[in-house]
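Asks: A structural model of the following input is requested.
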Amino acid sequence: MNPMKMHLPYIVGGAAVVALVAAVLLVLRAMRRKQALIDEVSTLREMSTRPAKNPLQVGRYLIHRKLGTGGMAKVYLAESADGTQVALKIPDPNFFETEEHRTYFRQELSVGKKMQHPNLVRILDYADGSGGELPYIAMEYVDGVTLDRVLPKQRPLPVAQAAQVLHDVTAALEYAHNMGVVHRDIKPENIMLRRDGSVKVADFGIARDLWDPPRSNEDSNSFVGSPHYMSPEQISSELVDYRTDYYALGVVAFRMLTGYLPFEGETTIEVITRKVSQLPPPPSTYNPNLPLEIESMVRELTQREPERRPVSAVGIRKVFRKYMPAARKRHGVRPHDTGPKESDF
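Replies: Coordinates of the predicted model:
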């Protein structure tokens with residue numbers, strides 16, 4: 001008798017046992033993930049006087065999974081009763097206990113509610129916590145990834161792909177600035193690339209409405225923003241205007257077109273010290289094939305003094321548009337086709 005035939009039942013039986021064990025482990029892992037999510041949402045709801053019947057329900061939204069965690073909030077994929085998927089942003093109770101962070105939450109609501117642009121993530125619904133319910137912001141769900149997830153390390157993106165993203169981020173900033181709003185936290189983590197090809201700017205959590213009087217505790221003492229992308233005047237806690245967003249846009253452009261940040265350091269203090277005392281190196285230091293016009297724009301955007309940066313988004317978009325793919329320029333900007341696809345990176 002063939003020895004292989006003799007051992008075949010044992011081999012098949014062993015494979016079945018392995019498959020069964022693997023399936024059980026997958027089920028247990030899924031159960032642990034769900035329980036962890038239930039515990040996390042329950043902890044967030046402890047500050048609310050209106051607990052929901054469903055352990056995964058907040059307001060009228062059923063939470064499916066966590067999308068990410070920011071500095072002051074957690075974001076979940078959730079679904080409303082009519083089946084609409086949203087990104088549900090829930091403030092961390094540890095931060096929401098302070099008046100300063102409650103003010104930031106109210107400001108994000110105030111700013112976000114008036115923003116309607118194809119390159120901005122829209123706010124669809126909210127609860128401010130005033131009625132005893134858990135505060136949240138229900139935003140348009142962007143099916144895709146953030147720019148930081150697809151940026152290659154120490155390697156530039158093709159100019160055409162970078163130009164598309166930068167053009168559309170500039171368009172979003174132009175709209176926000178015309179509405180009197182400075183974003184103050186432009187960075188790859190807040191730039192969304194949808195699977196359908198569109199680009200959206202997210203997170204107005206620390207935005208400033210130029211039409212509102214500044215709060216004394218915010219602009220004189222607070223350090224808000226992301227050190228690698230903050231403008232020198234933002235680091236110095238000075239009053240900022242739209243040109244602070246241009247500086248951050250320039251740093252994002254530098255990162256996309258060179259693979260490096262303009263200022264590196266082992267500590268945050270080292271980074272910001274260099275930023276307020278030095279100019280970034282020319283992008284061509286890392287990417288000698290960069291078009292001169294693109295390099296000149298990046299260097300203009302990242303000038304230390306705000307008055308030396310561009311005064312209009314129109315000129316910025318004009319430069320980036322020139323280097324976008326020909327098909328994109330020929331057909332123009334459309335809400336459903338406003339950027340590169342994730343697969344292009």
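Asks: OK, contacts around residue 151?
Replies: Applying CB atoms under 8 Å, 6 or more residues apart in numbering to residue 151 gives the contacts 157, 188, 255, 256, 259, 345. All C-beta spots, glycine's among them, are computed from the backbone N, C-alpha and C.
Asks: Could you say whether it sits in a helix, a strand or coil?
Replies: coil (DSSP: H, G, I helix; E, B strand; the rest coil).
Asks: Return the member of the contacts of residue 151 nearest to residue 121.
Replies: The closest of the contacts of residue 151 to residue 121 turns out to be residue 188 (CB to CB; 14.9 Å).
Asks: From what I see, the closest one and residue 147 are in contact.
Replies: Yes: using CB atoms under 8 Å, residue 188 is in contact with residue 147, at 3.9 Å.
Asks: Quick check: neighbours shared by these two?
Replies: Contacts common to residue 188 and residue 147, judged by CB under 8 Å, 6+ apart, are residue 252.
Asks: Can you go through the contacts of residue 151 and name the buried ones?
Replies: Buried by 16 or more other CB atoms under 10 Å: 157, 188, 255, 256, 259, 345, out of those.
Asks: In the host helix or strand of residue 250, which residues are buried?
Replies: Assigning secondary structure by DSSP states H and E places residue 250 in helix 243-258. Buried residues in helix 243-258, counted by 16+ other CB under 10 Å: 243-258.
Asks: now, among these, which is nearest to residue 228?
Replies: Among the buried residues of helix 243-258, residue 251 lies closest to residue 228 (CB to CB), at 6.7 Å.
Asks: Does that closest one touch residue 262 like I think?
Replies: Yes: using CB under 8 Å, residue 251 is in contact with residue 262, at 6.1 Å.
Asks: list the residues that contact both of these two?
Replies: Common neighbours of residue 251 and residue 262 (CB under 8 Å, 6+ apart) are 280, 302.
Asks: For the stretch 51-200 of the chain, just list every one of the strands.
Replies: Assigned by DSSP state E, counting those that start in this stretch, the strands in the stretch 51-200 of the chain fall at 57-58, 61-69, 73-79, 85-91, 123-127, 136-140, 144-146, 181-182, 191-194, 199-201.
Asks: do you know which of these lies nearest residue 304?
Replies: Closest among those, once you apply CB to CB, is strand 181-182, at 18.0 Å.
Asks: Show me what the closest one packs onto, helices and strands only.
Replies: Applying 3 or more CB pairs under 8 Å, 6 or more residues apart in numbering; DSSP states H and E, we find strand 181-182 packed against strand 208-209.
Asks: For the strand it packs on, what does the pLDDT average out to?
Replies: Strand 208-209 carries an average pLDDT of 80.
Asks: circling back to that earlier point, just the contacts of residue 151 now: which is nearest residue 278?
Replies: Each of the contacts of residue 151 was checked against residue 278 using CB to CB; the closest is residue 255, at 17.1 Å.
Asks: re earlier: how about the helix holding residue 250 as CSV, C-alpha atoms only?
Replies: The C-alpha trace of helix 243-258 is given here as CSV (Å, rounded to 0.1, in the frame of the first residue of the first chain):
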residue,chain,number,x,y,z
ARG,A,243,-0.3,83.2,5.9
THR,A,244,0.3,80.8,8.7
ASP,A,245,-1.6,78.2,6.7
TYR,A,246,0.5,79.0,3.7
TYR,A,247,3.6,78.2,5.7
ALA,A,248,2.2,74.8,6.7
LEU,A,249,1.2,74.2,3.1
GLY,A,250,4.9,74.9,2.2
VAL,A,251,6.1,72.3,4.7
VAL,A,252,3.7,69.7,3.4
ALA,A,253,4.9,70.5,-0.1
PHE,A,254,8.5,70.2,1.0
ARG,A,255,7.8,66.8,2.6
MET,A,256,5.9,65.5,-0.5
LEU,A,257,8.5,66.7,-3.1
THR,A,258,11.7,65.7,-1.2
